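**Q** Structure for the following, please:
(one chain, ligands or ions: 1)
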Amino acid sequence: MKIAFIGLGNMGGGMAANLAKAGHDVRAFDLSEEALARAVEAGCTRAASAAEAVTGAEAVVTMLPAGKHVASVYEADVFPNAAPGTLLLDCSTIDVATARSNIEAATANGLVAVDAPVSGGIAAANAGTLTFMVGGTGEGFARAEPILAKMGKAVIHAGDAGAGQAAKICNNMLLGASMVATCETLALAQKLGLDPQKFFDIASVSSGQCWSLTSYAPLPGVGPATPADNDYKGGFAAALMLKDLRLAMEAAASVDADVPMGLKARELYEAFVEADTDGRDFSAIIKTLQG
Ligand code: NAD
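**A** All right, here's what the predicted structure looks like:
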């Protein structure tokens, strides 16, 4: 299948490479020459522009920074050049409102579009083990599923247009709040004189168990290997967590939802990201809670 892939950054690079590895004819484009060269090295075909990548493609995957980038690539390059019925898969994390309006505009242009954001970081993008949460029609999902399966370990139909983005930001709001709670709890346990590994062993099999503690413990030497063991390098950058928490707060305001824990997590990550010049993993927020 001829697939256009636009946005070959940290995530898109590995994803496009996996589509090429699976035998697809991947026409790749990125504004960055370096990113484009890496994709060509990984088996993709170089396109001179997004418009050229889209022309003649049966599917178009986008993996771009934010909603405004996706909307402008759709308007300027995809809608004028995509053949009727072309499938659009936007895997970027963007706001729910823009995801919905992009899909509406695509439908009005005779195309079939889904939002398909991912869970999993750069390592999962490279390994082809992402989780995709898909919003769109049954037809859109049926056509998107086999393509996404080449880049992930799970592909789930979340609901109608925008439902993928809604699921993604709800998941990450829960993750952000649970990471802050895990960090302050570990800091308290230490101050109360508990051995953090002992507390980890107890809470991981008690009612305090959660992914942020058991699978992603924010203290070095505690639990499985995590970014904490590598001076908080790699993993999921705190700035990306902040981006998702901001999107969650925007979405919550749009439906008048009360999200006090999500709001507190956003405030704490805002302060942390502003002060942290090293671009560390989001679990490094424990540093600000240890006093
Ligand atoms: P990135 O900044 O590394 O990559 C984005 C790429 O898009 C860049 O290479 C940039 O040059 C390109 N680009 C921007 N505008 C363009 C345009 N008009 N035409 C062509 N190319 C353009 O970002 P990333 O880390 O790959 O993240 C991409 C998306 O995935 C974001 O929405 C992010 O929130 C989401 N995401 C990231 C992670 C992660 O761990 N990095 C995890 C899950 C989801």
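
**Q** dump the residue contacts of the closest residue to residue 241 other than its chain neighbours.
**A** The spatially closest residue to residue 241, leaving aside those adjacent along the chain, is residue 282, at 4.1 Å (Cβ to Cβ, 6 or more residues apart in numbering). In this view, the C-beta of every residue, glycine as well, is placed from N, C-alpha and C. For residue 282, the residues meeting the contact criterion (Cβ atoms under 8 Å, 6 or more residues apart in numbering) are 176, 179, 235, 236, 237, 238, 240, 241, 269.

**Q** From residue 259, how far off is residue 282?
**A** Going from residue 282 to residue 259 by Cβ to Cβ, to the nearest Å gives 18 Å.

**Q** for residue 189, same thing?
**A** From residue 189 across to residue 259, the span is 27 Å (Cβ to Cβ).

**Q** Now do the SS call for the residue of the stretch 1-150 of the chain found nearest the ligand.
**A** Here the residue of the stretch 1-150 of the chain nearest the ligand is residue 9; by Cβ to the nearest ligand atom that distance is 1.8 Å. Three states are possible here, and by DSSP: H, G, I helix; E, B strand; the rest coil the one that applies to residue 9 is coil.

**Q** For residue 215, give me its contacts.
**A** Neighbouring residues of residue 215 by Cβ under 8 Å, 6+ apart: 223, 224, 226.

**Q** The strand or helix carrying residue 107: what's the following helix or strand?
**A** With the criterion set as DSSP states H and E, the secondary-structure element containing residue 107 is helix 96-108. For helix 96-108, the following helix or strand on the C-terminal side (DSSP H and E) is strand 112-115.

**Q** And that following strand, what does it pack against?
**A** Other elements packing on strand 112-115 under the criterion 3 or more Cβ pairs under 8 Å, 6 or more residues apart in numbering; DSSP states H and E are strand 87-90, helix 96-108, strand 130-135, helix 138-149, helix 163-191.

**Q** The shortest one pairs with which strands, parallel or anti?
**A** Read that as strand 87-90. Strand pairing for strand 87-90, using DSSP bridges, gives strand 59-62 (parallel), strand 112-115 (parallel).

**Q** Save these as CSV, and put in mean pLDDT, distance to the ligand and mean neighbour count too.
**A** Formatted as CSV, the entries for the strands paired with strand 87-90 read as follows, by pLDDT from 0 to 100; distance: least, Cβ to the nearest ligand atom, whole Å; neighbours: other Cβ atoms under 10 Å:
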stretch, mean pLDDT, distance to the ligand, mean neighbour count
strand 59-62, 98, 8, 25
strand 112-115, 98, 11, 28
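
**Q** between the ones you listed, which gets nearest to residue 278?
**A** Relative to residue 278, the nearest member of the strands paired with strand 87-90 by Cβ to Cβ is strand 59-62, separated by 29.6 Å.

**Q** buried sites along the helix or strand just after the closest one?
**A** Downstream of strand 59-62, the next assigned helix or strand under DSSP H and E is helix 67-73. If you call a residue buried by 16 or more other Cβ atoms under 10 Å, then helix 67-73 has these buried ones: 67, 69, 70, 71, 73.

**Q** what helices or strands is helix 67-73 leaning on?
**A** Here helix 67-73 touches helix 96-108, going by 3+ Cβ pairs under 8 Å, 6+ apart.

**Q** Could I have the CA atoms of the helix it packs on written out in PDB?
**A** Extracted C-alpha coordinates of helix 96-108, given in PDB (Å, rounded to 0.1, in the frame of the first residue of the first chain):
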ATOM      1  CA  VAL A  96     -10.200  17.200  21.000                       C
ATOM      2  CA  ALA A  97     -11.900  20.200  19.300                       C
ATOM      3  CA  THR A  98      -9.400  20.400  16.500                       C
ATOM      4  CA  ALA A  99      -9.400  16.600  16.000                       C
ATOM      5  CA  ARG A 100     -13.200  16.700  15.500                       C
ATOM      6  CA  SER A 101     -13.100  19.700  13.100                       C
ATOM      7  CA  ASN A 102     -10.200  18.100  11.100                       C
ATOM      8  CA  ILE A 103     -12.300  14.900  10.700                       C
ATOM      9  CA  GLU A 104     -15.400  16.900   9.700                       C
ATOM     10  CA  ALA A 105     -13.400  18.900   7.100                       C
ATOM     11  CA  ALA A 106     -11.900  15.700   5.800                       C
ATOM     12  CA  THR A 107     -15.300  14.100   5.400                       C
ATOM     13  CA  ALA A 108     -16.600  17.200   3.600                       C
END
